[in-house]
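Asks: Sequence below, structure please.
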Amino acid sequence: MTGGPEPLSAAAREALRRELADLRTERASVAATLGGPDDEVGDRADQADELQRADELDRLDARIAEIDGRLAEGAAAGTPPTDAIGVGSSVTVRFSDGTESAFHIGELADADDPALVTADSPLGRALVGHRTGDTVTYATPAGRTTAVVLSLG
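Replies: Predicted structure coming up:
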């Protein structure tokens, strides 16, 4: 990672926009269940429930702000590089066992995105800065292995 604004691939940008829309919908739903400042909350269970919803609202607000910031940063950075692998790049590699995989390089892990490799993972660190045709070596739980960069887009 460069320390400056990191670009976003079109796929990553779209995934963030979808997540943002879902979060805003969920936030509106949670906010609608919270009482106003003049509303009297019932017993302790009601108070605990109200606090839990307020905490959920805070969590949603934090994630919304994080995504808004990342989208703004991605827009400021421009398009991902096409001459060398970096954050936002889409790559296809052939692993040492002969299998091929296409994925994109991102900066934040996302359990809902199986085609994402983070730039700070062993494979991501090995790939960043390389070009089509390069062979990279990286650590796995089973030991060191290699991958060949087949394409970069």
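Asks: Could you use CA atoms for every contact and neighbour count after this?
Replies: Fine.
Asks: which SSE is Phe26 in?
Replies: Not Phe; residue 26 is Glu. Element membership of Glu26, judged by DSSP states H and E, is helix 10-33.
Asks: and what of His104?
Replies: Secondary-structure assignment from DSSP H and E places His104 in strand 100-106.
Asks: Report the buried residues of that strand.
Replies: Residues of strand 100-106 classed as buried: 102-106 (neighbour count, 16 or more other C-alpha atoms under 10 Å).
Asks: which of those has the weakest pLDDT?
Replies: Here the lowest pLDDT out of the buried residues of strand 100-106 sits on Gly106, with 80.
Asks: Now that one: closest residue in space, sequence neighbours ignored.
Replies: Thr118 (4.7 Å; C-alpha to C-alpha, 6 or more residues apart in numbering).
Asks: just Leu123 next, same as before
Replies: Tyr138 (5.8 Å).
Asks: From the chain's centroid, how far away is the helix holding Glu26?
Replies: Computed by C-alpha atoms, centre = their mean, to the nearest Å, the chain-centroid distance of helix 10-33 equals 14 Å.
Asks: so what's the backbone phi/psi at Ser121?
Replies: When read as degrees, to the nearest 10, the backbone of Ser121 gives phi -80, psi 160.
Asks: Leu20 against Ile67, yeah?
Replies: Yes: the pair Leu20 and Ile67 passes the contact test of C-alpha atoms under 8 Å, sitting 6.8 Å apart.
Asks: Between those two, tell me which one has more neighbours.
Replies: It is Leu20, of Leu20 and Ile67, that has more neighbours when counted by other C-alpha atoms under 10 Å, with 19 against 16.
Asks: For the more buried one, give me its contacts.
Replies: Listed by C-alpha atoms under 8 Å, 6 or more residues apart in numbering, the contact partners of Leu20 are 64, 67-68.
Asks: cutoff 10 Å now
Replies: Neighbour list for Leu20: 14, 26, 60, 63-68 [criterion: C-alpha atoms under 10 Å, 6 or more residues apart in numbering].
Asks: Among these, which one lies nearest to Thr132?
Replies: Each of the contacts of Leu20 was checked against Thr132 using C-alpha to C-alpha; the closest is Glu14, at 25.3 Å.
Asks: Next one: the closest one, what pLDDT does it get?
Replies: In the prediction, the pLDDT value recorded for Glu14 is 82.
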